[in-house]
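Engineer: coordinates only, no sequence provided:
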DNA sequence: CACTGCAATGACAACGCTGTCAATCAAATT
DNA sequence: AATTTGATTGACAGCGTTGTCATTGCAGTG
């Protein structure tokens, strides 16, 4: 009977306006609308006005997915961090997003939970969105990740760490230098029986690098690590209290402690306040990161401050920069925030 | 001359393997590869094996962008939070990601910086990726956002707050109830000259809801707010110290203080420790959120604890649930974490 | 006035995938 | 043995956009 064929592909997709709709309404071609929306060159003001009017009338929003398919690259940046429960990563993310959003880019997030296999899976997942770049945490990414990235031909920036080989570019600090600086700081002030407190099985291994450099410098200057505790749990203030209390129970004559991070250090400080241990006279405490709380404690904590937000902005900028193909290594350095605890 | 036509579209796209490549190598049709990759039903083991082998040989990764274009919906969830510098949002994000990643979904992130216009722009941007769902912070989203979401026909979950009208579904707590509970807690313990300390111009306005409910309940029970400080800066421990010190300078006889959050409360506690103010005898302190540090302070802080991580997991689950179209309102409640500060 | 050159616009195809429907095949039934 | 059934597999088209190339129009040139 040759009936009117029903719409063949009646996906019940919400009827978002498309380029075609705008083009029809404006009486121009689709490609012209596309050019106007992308601010492509060689568009007359008249055309632009016509198109913008039609687009506004229809509430048109470009479908980035289609664009990404065509160009094989999206205005998305894949970001993989190991955790969200450590204050430093949200700060980095904040910096990343600040730069990305200013440039019309968005971040797709992946959390690796400090798990290598998981990180590979997460990267694979994120790459399936054809991001224009990738930001990874730390330098010890699996070779499989490097290979995947290569296949996609996109720039990668690894953050936090610059003590090893990067896939492409890296922004961060040298944790080896920081660990040595911690040792110098404590030795210079006359402490001779230094302790170390870490957690979480030294994940990320940046903390291990710091500790090893710390011990090495101590040794170089004729001092050995007096005591140390590396607890299995995730770093937190309560854990810091516990660790210090435990360490002092076996090595009460420890005269200073370098902590893997400020959360632990603040916990240690709290323990001292509770136990009536005079800081820094009985025991000196040195933290790492320079987080906000640490600067407000009753006895202000001395800490090695890093620039997390800036790490994020730098990483994002490197991705965006025209010369993103030239590998870079940016050392953001660290600084001592002197408190009253050392 | 009828020369061999050169590749017509020689975009220098990295030569990722496609379905076609896998299909050719495996000697099957593209659609079969597609079905294997998606775990679609009715695939013989033989076919599956052939395809998987070919896929592995080529290192094939599905191009989600193409799939999303075809199906007009991606395995992406758009998440908008106001900030990253407040510990609570990373925790929520952590929860969201935990559930999403378990279900093969990823989060695209947007940060609104507590700015309404920015939030609209961010949502528009994120929607252009055809996410399968949207998670927003707070209930007071702009009508423009509701309209955009409607046009896309995707589920929305608003988190943190359930004290108002949701676009669709909401998970959180009643800040009005929490504020009243804070008042009851302090009054029940005999305090009669309560103070309040907030910050950041009461953004997010959830803190304003708590304060108003707090004051209302005080009034209902015949007590009026004795003193209050709402500083312009962003909440932080140092700001809490400052605010309390300032408040006590004009109202030294204040006998308890309810803080907008634990960061401020911990700062307040530090001020007391420094100034030799006995907590809770001279001054009682009540926080909000129940963050980790608060439980490790020398004088343990009493706080109203909320379940941030759970808020994230619940929100993500609601989006994924088959009945995501039925609006829901989930009250996760709060609980008092009793310390020694009240 | 014919012609060159450039700016502005458009036609067309393709990006890689999946929904629809048709075709095939083996097992099960009569 | 003929037929039905359900499980597998495949052909085809099109999602909304943009790169490529062709076309148009118009000012400037000799």
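Structural biologist: That came in fine, so what should we check first? Bear in mind the structure is a predicted one, so any value in this text is a computation, not a measurement.
Engineer: check contacts around residue A:126.
Structural biologist: A:78, A:80, A:108, A:110, A:134, B:106 (C-beta atoms under 8 Å, 6 or more residues apart in numbering or on different chains). (C-beta placed from N, C-alpha, C; glycine too.)
Engineer: max pairwise distance over those residues: which two?
Structural biologist: A:134 and B:106 (13.3 Å; C-beta to C-beta).
Engineer: compare those two (neighbour count), which wins?
Structural biologist: With neighbours defined as other C-beta atoms under 10 Å in any protein chain shown, residue A:134 and residue B:106 compare such that residue A:134 has more, 27 against 24.
Engineer: about what we covered before: any chance of the contacts of residue A:126 in TSV, plus distance to residue A:54, secondary structure and pLDDT?
Structural biologist: Shown next, in TSV, are the contacts of residue A:126 (distance: C-beta to C-beta, whole Å; DSSP: H, G, I helix; E, B strand; the rest coil; pLDDT from 0 to 100):
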residue	distance to residue A:54	secondary structure	pLDDT
A:78	34	strand	97
A:80	41	strand	98
A:108	31	strand	97
A:110	39	strand	97
A:134	37	strand	96
B:106	34	strand	96
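Engineer: please produce TSV containing those residues, extended by distance to DNA strand D.
Structural biologist: Formatted as TSV, the contacts of residue A:126 follow (distance: C-beta to the nearest atom of the strand, whole Å):
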residue	distance to DNA strand D
A:78	20
A:80	27
A:108	19
A:110	26
A:134	21
B:106	20
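Engineer: closest to DNA strand C out of those residues?
Structural biologist: residue B:106 (15.2 Å; C-beta to the nearest atom of the strand).
Engineer: need the helices for chain A, in chain order.
Structural biologist: Ranges of helices within chain A are A:19-26, A:30-37, A:45-58, A:64-71, A:88-102, A:116-127, A:143-152, A:175-188, A:205-220, A:237-250, A:262-275, A:308-320, based on DSSP state H.
Engineer: show me which residues of the fourth one are buried.
Structural biologist: This means helix A:64-71. A:64-69 (16 or more other C-beta atoms under 10 Å in any protein chain shown).
Engineer: kindly report the same for the third one.
Structural biologist: Within helix A:45-58, the residues scored as buried using 16+ other C-beta under 10 Å are A:47, A:50-52, A:54-55, A:58.
Engineer: repeat for the longest one
Structural biologist: By neighbour count on 16+ other C-beta under 10 Å, the buried set for helix A:205-220 is A:205-215, A:217-218.
Engineer: of the residues you listed, which ones also sit close to chain B?
Structural biologist: Counting by C-beta under 8 Å from any C-beta of the partner chain, nothing from the buried residues of helix A:205-220 sits close to chain B.
Engineer: per-residue confidence at residue A:86?
Structural biologist: Predicted confidence (pLDDT) for residue A:86: 85.
Engineer: before we move on, back to that, which of the buried residues of helix A:45-58 lies closest to chain B?
Structural biologist: residue A:58 (10.6 Å; C-beta to the nearest C-beta).
Engineer: contacting residues for the residue lying closest to residue A:73 once chain neighbours are set aside?
Structural biologist: Spatial nearest neighbour of residue A:73, excluding adjacent residues (C-beta to C-beta, 6 or more residues apart in numbering or on different chains): residue A:132 at 5.2 Å. Each residue near residue A:132 by C-beta under 8 Å, 6+ apart is listed here: A:73-77, A:105, A:154, A:319.
Engineer: so what's the backbone phi/psi at residue A:132?
Structural biologist: Backbone torsions for residue A:132, taken as degrees, to the nearest 10, come to phi -80, psi -10.
Engineer: sorry, back to before: closest to residue B:342 out of the contacts of residue A:132?
Structural biologist: residue A:77 (45.6 Å).
Engineer: who's in contact with the nearest residue to the closest one once chain neighbours are set aside?
Structural biologist: Nearest residue to residue A:77 in three dimensions, chain neighbours excluded: residue A:133, at 4.9 Å (C-beta to C-beta, 6+ apart). The contact partners of residue A:133, taken as C-beta under 8 Å, 6+ apart, are A:77-78, A:154-157, A:319-320, A:324.
Engineer: about what we covered before: so which of the contacts of residue A:132 comes closest to DNA strand C?
Structural biologist: Closest to DNA strand C, out of all of these and judged by C-beta to the nearest atom of the strand, is residue A:73, at 11.1 Å.
Engineer: quick check: pLDDT value at the closest one.
Structural biologist: If you check residue A:73, the pLDDT there is 88.
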